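>>> what follows is a predicted protein model with its sequence.
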Amino acid sequence: MPPEVLTTAVLIFLARIADVSFGTLRMVSVVRGRRLAAFGFGFVEVLIWVVAVSAVIQNLSEPLYAVVYALGFATGGVVGIMIEDRIAMGEQVVRVFSRKGRDIAEFLREEGYRVTVFEGEGLRGAVQLLYIKVPRRSVREAIRIARHQDRECFYVVEDVRATSTVAQSRSPVQRK
């Protein structure tokens, strides 16, 4: 195999990883209502895609290009998800249901989290429902704190698209 064919194949593969990764970030930005980010990711995504697809179409006699194009697409989806997980754009609400809700809330507040507690009734009686709005990168830590206090707590994590600005401060709250 000539070196220029191998080089072109590698470039097509890398271009597809890049454009699909940008596509993943674009879709996440659209869902979260981040217009400017979606615009930027979309522009770069399609620019790279045009270069990659034109290299394949101009060289249809080289089947390797089609194969690496498809492999780059599949790999790009995985890489895009990994990048998005690391960037952790946006905020989420962690809802914790527990009979030890007040204790969990106290520990979360000591760590700087803003917590709202509601009384409720679960399958086995009275429970507290905790609402904790956190940056996505803090979700695991908030859950870890809750589970440390109550191994049997039940939690649900949901994306936040918008919140009111009333009585809002950074989450978690800065420690004194």
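Everything's here; your move. Numbers count the residues shown, from 1 in each chain.

>>> going forward, measure contacts between C-alpha atoms and count neighbours the same way
Noted.

>>> OK, contacts around residue 48?
15, 16, 18, 19 (Cα atoms under 8 Å, 6 or more residues apart in numbering).

>>> wait, isn't residue 160 in contact with residue 90?
Yes: judged on Cα atoms under 8 Å, residue 160 makes contact with residue 90 at a distance of 7.3 Å.

>>> the helices in the protein, which residues?
Taking DSSP state H as the criterion, the chain carries its helices at 3-31, 35-57, 63-87, 101-110, 139-149.

>>> domain assignment for the protein?
Following automatic domain parsing, one finds the domains of the chain at 3-87, 91-160.

>>> in its sheet, what does the longest strand along the chain sit against?
Scanning the chain for the strand with the most residues, using DSSP state E, yields strand 125-135. Here strand 125-135 has these sheet partners by DSSP bridges: strand 91-98 (antiparallel), strand 115-122 (antiparallel).

>>> average pLDDT across it?
Averaging pLDDT along strand 125-135 gives 94.

>>> repeat that for stretch 60-71.
94.

>>> gap between residue 143 and residue 132?
Residue 143 is 10 Å from residue 132, where distance means Cα to Cα, to the nearest Å.

>>> also residue 64?
50 Å.

>>> now do the contacts for residue 33.
residue 161.

>>> phi, psi for it please.
Note on residue 33: its backbone torsions stand at phi 80, psi 20 [degrees, to the nearest 10].
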